[in-house]
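Undergrad: Provide a 3D model corresponding to the input given below.
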Amino acid sequence: MSQIPQAAIALAKRFEGFHKVPKSDPLRRARPYICLAGYWTIGYGRLCKPDHPPIDEEEGEAYLYQDLRKALAATLRYCPVLATEPESRLAAIVDFTFNLGAGRLQTSTMRRRINQRDWLSAGQELRRWVHGGGKVLPGLVARREAEVLLLVPG
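TA: Here you go, the predicted structure:
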């Protein structure tokens, strides 16, 4: 299997962050929280149950790499053309898949545009995925723009 693109790791860390670490915790452990889209999450955007035990940053990174490997496999399964494109394009869609799930990629018009190598249209489709909890989230707008910069040339 391919390596996780470094740009995908950087995007995930930039937009997910290692959240909900109480200042009073000398071990800097993250605790479960409800993300803006309404899901229980821990560490770098890992979905979890509300009673998940706290994790340190090393555990958070291990989860992140597991989740990114799954996102990479799904991305290549649904968008096989990305295997022969520049790594930046693969990174953009791996981050999308990590963030929103393989099911969203699988059923999207964006997937068709990618597999047609219609990068401009794929970028336009990518910009549509900015809603969470029924509203436009500024963090998702910024994340999609960062992904578009990797996906669309020039």
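Undergrad: what residue ranges in this protein score low on pLDDT?
TA: For the chain, the stretches with pLDDT under 70 are 1-2, 154.
Undergrad: which stretches in it count as helices?
TA: 6-16, 57-78, 87-100, 102-106, 109-115, 119-126, 138-151 (DSSP state H).
Undergrad: and those helices, which is most packed in?
TA: Stretch with highest mean neighbour count among these: helix 87-100 (a mean of 25; mean count of other Cβ atoms under 10 Å). For glycine as for every other residue, the C-beta is placed from the backbone atoms N, C-alpha and C.
Undergrad: what helices and strands are in contact with it?
TA: When contacts are defined as 3 or more Cβ pairs under 8 Å, 6 or more residues apart in numbering; DSSP states H and E, helix 87-100 sits against helix 6-16, helix 57-78, helix 102-106, helix 119-126, helix 138-151.
Undergrad: cutoff 10 Å now
TA: helix 6-16, helix 57-78, helix 102-106, helix 109-115, helix 119-126, helix 138-151 (3 or more Cβ pairs under 10 Å, 6 or more residues apart in numbering; DSSP states H and E).
Undergrad: just want the angle from it to helix 57-78.
TA: Note on geometry: by axes from the mean of the first three to the mean of the last three Cα atoms, to 10 degrees, helix 87-100 and helix 57-78 are set 110 degrees apart in direction.
Undergrad: re the thing from before, who wins for proximity to residue 36 among the helices and strands packed on helix 87-100?
TA: Relative to residue 36, the nearest member of the helices and strands packed on helix 87-100 by Cβ to Cβ is helix 138-151, separated by 7.1 Å.
Undergrad: packing partners of the closest one?
TA: Against helix 138-151 (3+ Cβ pairs under 10 Å, 6+ apart) you get helix 6-16, helix 87-100, helix 119-126, strand 131-132.
Undergrad: contact partners for residue 90?
TA: 2-5, 7-8, 72, 75-76, 79, 81-84, 150-151 (Cβ atoms under 10 Å, 6 or more residues apart in numbering).
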